[in-house]
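# 3D model of this:
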Amino acid sequence: MLSDAQAAQFQRDGFLNGGRMLGDADVAELTGALDAVIAKGPNGFAAGEPQPVLFRDLVAKRYDGTTTGREVSHTPVWQIVNIWEAAPAFRRLLFHPFIIEAISQLTGFGDLQVWHDQVQYKPPQTGGATGWHQDAPLWPSIEPMTPVTAWIPFDDADEANGCMWMVPGSHAWGNQMPYLATLTEVKQLPAFSRIGGDFQVPAGAPARDVRVVPCPVRRGEVHFHHSLTWHGSPENHSSRPRRAIAIHYMTSAARYTGRQHPMQPFIQVGVGEAMLGAGPHFPIVCRAGRPVPA
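Alright, predicted model coming up:
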């Protein structure tokens, strides 16, 4: 469980480093499983073989899924959605008791399930940027928004290899994706950390300015962030990779809207119905505040 001080920090800032969660053996197993999937690539899975829902270069695809005319860019960010469906070690990670208890604590919900996971891999030297964004507006298939993500790196993520940067308190500013979409060309330091000079903070919000901070996370630690917190990560020009997974969790309040998302074809409930019945692609991980065994 998180301490009361940690929970208060999350509510204030919209993000929190929860500390070391995985031992060396667990990190090694997960890293090996991730590297095996990366080595196969988007087209390396045989027909009928368990595989991720999506495997693509984010830089060569816009956020709305339309192509930019390039299947692979010169500065790739490899996105692998639902790697847990291709690797048992990642399925077990979804149910990690510390993560589940923390998500329940931070959301105030006792019933939780997985919306989807998402690996983002930035290769050394050529790894691309993940532009400034908020998560929830990019997930229109469910409402209300899924509130908290757990982010776990398999390499020390720091300013040199493209760690995440966040804006404290921005989760209280509502949906600001129209503004963040104007920052799509901001990809490198130091420009990445100098944004928001022309942004008008909503009246009455606790945080009154756009203050950008780096969020270094060491291998095996877990970092939590709210789905409306402004965040992104610059290019990786270092000699080290930056491999990490984000696990996006839903609460029992989530309902299906019928709107488009890569996970939409797997949703097995009707519009307006609770996502708790959405089917096996959305595992239930917590019941009445108690983690469900993997």
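# which helices and strands sit right next to whichever strand or helix holds Ala39?
Element membership for Ala39, per DSSP states H and E: helix 24-40. Packing partners of helix 24-40 (3 or more C-beta pairs under 8 Å, 6 or more residues apart in numbering; DSSP states H and E): strand 78-81, helix 88-94, strand 112-122, strand 242-251. (C-beta placed from N, C-alpha, C; glycine too.)
# run the last query once more with 6 Å
If contacts are counted by 3 or more C-beta pairs under 6 Å, 6 or more residues apart in numbering; DSSP states H and E, helix 24-40 sits against helix 88-94.
# in the helix it packs on, what counts as buried?
90-91, 93-94 (16 or more other C-beta atoms under 10 Å).
# same thing with stretch 43-52?
For stretch 43-52, the neighbour count (16+ other C-beta under 10 Å) marks 51-52 as buried.
# just to revisit the earlier point, can you tell me the strand partners of the helix or strand following the helix holding Ala39 and which way each runs?
Using DSSP H and E, the helix or strand that follows helix 24-40 towards the C-terminus is strand 54-57. As defined by DSSP bridges, the strand partners of strand 54-57 come to strand 78-81 (antiparallel).
# and the closest residue to His231 other than its chain neighbours, what does it touch?
Once flanking residues are discounted, His231 sits nearest to Met166: 4.6 Å by C-beta to C-beta, 6 or more residues apart in numbering. Contacts of Met166 were listed using C-beta atoms under 6 Å, 6 or more residues apart in numbering, and they are 15, 215, 229, 231.
# try Val222
Contacts of Val222 by C-beta under 6 Å, 6+ apart are 18, 21, 150, 152.
# so what sits opposite it in the bridge?
Gly19.
# what's the distance between it and Pro76?
Computed as C-beta to C-beta, to the nearest Å, the Val222 to Pro76 distance reads 25 Å.
# ranges for the strands of the stretch 51-200 of the chain?
Remark: strands assigned in the stretch 51-200 of the chain by DSSP state E, counting those that start in this stretch are 54-57, 78-81, 112-122, 130-133, 142-143, 148-153, 164-166.
# could you dump those strands into CSV with distance to Ile245 and mean pLDDT added?
Below are the strands of the stretch 51-200 of the chain laid out as CSV (distance: least, C-beta to C-beta, whole Å; pLDDT from 0 to 100):
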stretch, distance to Ile245, mean pLDDT
strand 54-57, 14, 94
strand 78-81, 8, 97
strand 112-122, 5, 98
strand 130-133, 14, 96
strand 142-143, 20, 96
strand 148-153, 5, 98
strand 164-166, 13, 98
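# if the most centrally placed residue in the chain is in a bridge, with which residues?
Among the residues of the chain, the one closest to the centroid is Ala246, at 3.5 Å (C-alpha atoms, centre = their mean). Ala246 has these beta-bridge partners by DSSP bridges: Gln118, Trp151.
# for it, give me its contacts.
For Ala246, the contact set (C-beta under 6 Å, 6+ apart) comprises 118, 149, 151.
# 10 Å - rerun?
Contacts for Ala246 (C-beta atoms under 10 Å, 6 or more residues apart in numbering) come out as 116-120, 135, 149-152, 164, 223, 225.
# now swap in His171 and tell me
Applying C-beta under 10 Å, 6+ apart, the residues contacting His171 are 10-15, 134, 136, 147, 205, 207, 225-231.
# leaving out the residues flanking it, which one is nearest to it?
Among residues not flanking His171 along the chain, Gly14 sits closest, at 3.4 Å (C-beta to C-beta, 6+ apart).
# burial of the one you found, as a residue count?
The number of residues packed near Gly14 is 25, by other C-beta atoms under 10 Å.
# same check on Gly174?
Using other C-beta under 10 Å, the number of residues around Gly174 comes to 12.
# now it. Nearest residue, chain neighbours left out?
Leaving aside its sequence neighbours, Gly174 sits nearest to Pro202 (C-beta to C-beta, 6+ apart; 6.4 Å).
# follow-up on the earlier one: for the residue nearest to His171, which residues are in contact?
So Gly14 contacts 148, 166-173, 207, 224-231 (C-beta under 10 Å, 6+ apart).
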